[in-house]
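J.: I need the structure of the sequence given here:
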Amino acid sequence: MIVLKSQREIEAMKKAGEILAACHKGIAKLIKPGITTWEIEEFVEKFLKEHDAKPEQKGYKGYQYATCASINDEICHGFPRKEPLKEGDIVTVDMVVNYNGALADSAWSYGVGQLAPETEHLLNVTKEALYKGIEQAVPGNRIGDIGHAIQTFVEGEGLSVVRDFIGHGIGAVIHEKPDVPHYGLAGKGPRIKEGMVFTIEPMVNIGRHYTKMDQNGWTARTVDGTLSAQYEHTIAITKDGPIILTAQE
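T.: Model (predicted):
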């Protein structure tokens with residue numbers, strides 16, 4: 001069942017989103033060769049505590065960290081670690097913030113130092129794909145319109161969209177209905193309605209879209225070792241269209 005949110009609930013989630021967005025802005029200033037994702041993890045823990053917020057994914061289904069930190073060919077759910085980031089790397093930092101019981105979810109990919117042209121292309125296309133998906137999130141459209149817009153754009157740029165991990169509704173818990181694939185057919189899926197709150201979070205690979213799991217049972221990688229990027233916002237549907245609750249602008 002898709003739970004529609006009240007204006008009060010959306011405003012509460014927006015406050016969580018503002019904290020999350022500010023945290024990402026802080027992370028952006030830290031990214032440089034030599035920093036570790038463990039240092040980013042510690043920064044996030046401290047930042048959220050200072051803002052009276054909590055990392056919601058810490059303890060979720062046994063996950064141990066405040067952040068997911070995925071490097072290069074890791075698609076999602078990478079563990080923070082003490083391995084220094086290198087020039088030309090990509091690191092995607094994903095987190096869910098709980099502020100007074102209201103949740104917001106956002107991932108962002110960061111380039112480390114000077115990037116190769118194909119890496120820049122991957123980041124630019126993935127970010128633009130996110131916003132092309134958001135453009136379709138208007139009342140009366142269907143969830144499939146979001147995925148179709150993303151897939152069409154990404155594949156037109158010579159890249160691939162991951163199928164195994166998708167966007168989702170969010171509210172009292174991290175994952176609710178509806179499922180929000182980043183691929184598929186226009187005109188299919190649930191009708192988008194005022195009061196829905198969900199994430200759009202395309203994961204895009206330079207190579208094939210297939211994934212494989214690490215032995216830790218969490219981290220997904222590209223099967224061919226190519227780079228992957230992800231950008232994610234939490235959005236609320238209003239009668240006038242989507243509002244980005246995790247906007248960094």
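
J.: could I get stretch 77-92 in CSV with only the CA atoms?
T.: As requested, the backbone C-alpha atoms of stretch 77-92 are provided in CSV (Å, rounded to 0.1, in the frame of the first residue of the first chain):
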residue,chain,number,x,y,z
HIS,A,77,26.3,-0.2,-0.1
GLY,A,78,30.1,0.0,0.2
PHE,A,79,31.5,0.0,3.7
PRO,A,80,33.4,3.0,5.0
ARG,A,81,37.1,2.1,5.4
LYS,A,82,40.6,3.4,6.0
GLU,A,83,41.8,3.1,2.4
PRO,A,84,42.8,6.5,1.1
LEU,A,85,41.0,7.8,-2.0
LYS,A,86,43.2,8.4,-5.0
GLU,A,87,43.3,11.0,-7.8
GLY,A,88,40.6,10.1,-10.4
ASP,A,89,38.5,8.0,-8.1
ILE,A,90,34.7,8.2,-7.7
VAL,A,91,33.1,7.9,-4.2
THR,A,92,29.4,7.8,-3.7
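
J.: as a whole number, average confidence for that stretch?
T.: Taken as a whole, stretch 77-92 has an average pLDDT of 98.

J.: so how far is it off the chain centroid?
T.: With C-alpha atoms, centre = their mean, to the nearest Å as the basis, stretch 77-92 stands 16 Å off its chain's centre.

J.: Could you check how many residues crowd around Gly195?
T.: Burial of Gly195 is recorded as 17 neighbouring residues (other C-beta atoms under 10 Å). Just so you know, the C-beta spots here come from the backbone N, C-alpha and C atoms, and that holds for glycine as well.
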